[in-house]
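Asker: quick check, what structure comes out for this input:
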Amino acid sequence: MQRQSKGFTSLFFLQLAIALFFLILGFQGIISNMSQNSGFAQQVARFLNAENPAVQKTELVMGIFSLVAGILLLLGLFRFGDFRLVVVSSVLIFIFWLTRLIMVRFMTELVIRNGNISFMPDFSTWLLAVSTDVIILCSIWTIARRSS
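Answerer: Sure, this is the predicted structure:
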């Protein structure tokens, strides 16, 4: 079976979707830190659990990194620069997303007290968020493998 090497493939659209996701996530992370008074930014901050001090301190850094990740994925999509840049940046984005997954979902939203495990806000919402993060993580891994 011959692989399709030209044109738009499903991996092209996957990388485009993930690049746009990271661009939007980066803008929202930056906006939520710069203007906490606006209604939209407050909703984004509440959605990202920015009331938690651990999340609040790192949200601007994560926003900037997400913005850069989106730009690198977009540039790699249209083959600007060396293909190794896409591979290295995809691996760095993978490590970043895995770190974010652990920090946000397991260190701040999973609470263990007196032998009891509780989830913030509840188990089904937490599980949905973890599964979404894992889907994004697998997509980044697929993009990194495609580029190598």
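Asker: let me know the next secondary structure element after the helix or strand of the chain with the lowest mean pLDDT.
Answerer: Lowest mean confidence among the helices and strands of the chain (mean pLDDT, DSSP states H and E): helix 39-47, at a mean of 55. Once the chain leaves helix 39-47, the next helix or strand it forms, by DSSP states H and E, is helix 53-77.
Asker: now do the contacts for A69.
Answerer: 22, 26, 89, 92-93, 96 (Cβ atoms under 8 Å, 6 or more residues apart in numbering). All C-beta atoms are positioned from the backbone trio N, CA, C, and that covers glycine.
Asker: hmm, try it at 6 Å
Answerer: Applying Cβ atoms under 6 Å, 6 or more residues apart in numbering, we find A69 in contact with 22, 93.
Asker: point out where this structure drops to low pLDDT.
Answerer: Counting by pLDDT under 70, the ranges of the chain that qualify are 1-7, 33-58, 80-82, 148.
Asker: quick one, helices of it?
Answerer: Per DSSP state H, the chain carries helices over the ranges 10-34, 39-47, 53-77, 83-100, 123-147.
Asker: could you export these as JSON lines, including distance to F106?
Answerer: As requested, the helices of the chain are exported to JSON lines (distance: least, Cβ to Cβ, whole Å):
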{"stretch": "helix 10-34", "distance to F106": "19"}
{"stretch": "helix 39-47", "distance to F106": "18"}
{"stretch": "helix 53-77", "distance to F106": "12"}
{"stretch": "helix 83-100", "distance to F106": "11"}
{"stretch": "helix 123-147", "distance to F106": "8"}
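Asker: so for E109, which of those sits nearest?
Answerer: helix 123-147 (5.6 Å; Cβ to Cβ).
Asker: before I go, just wanted to say thanks for your time.
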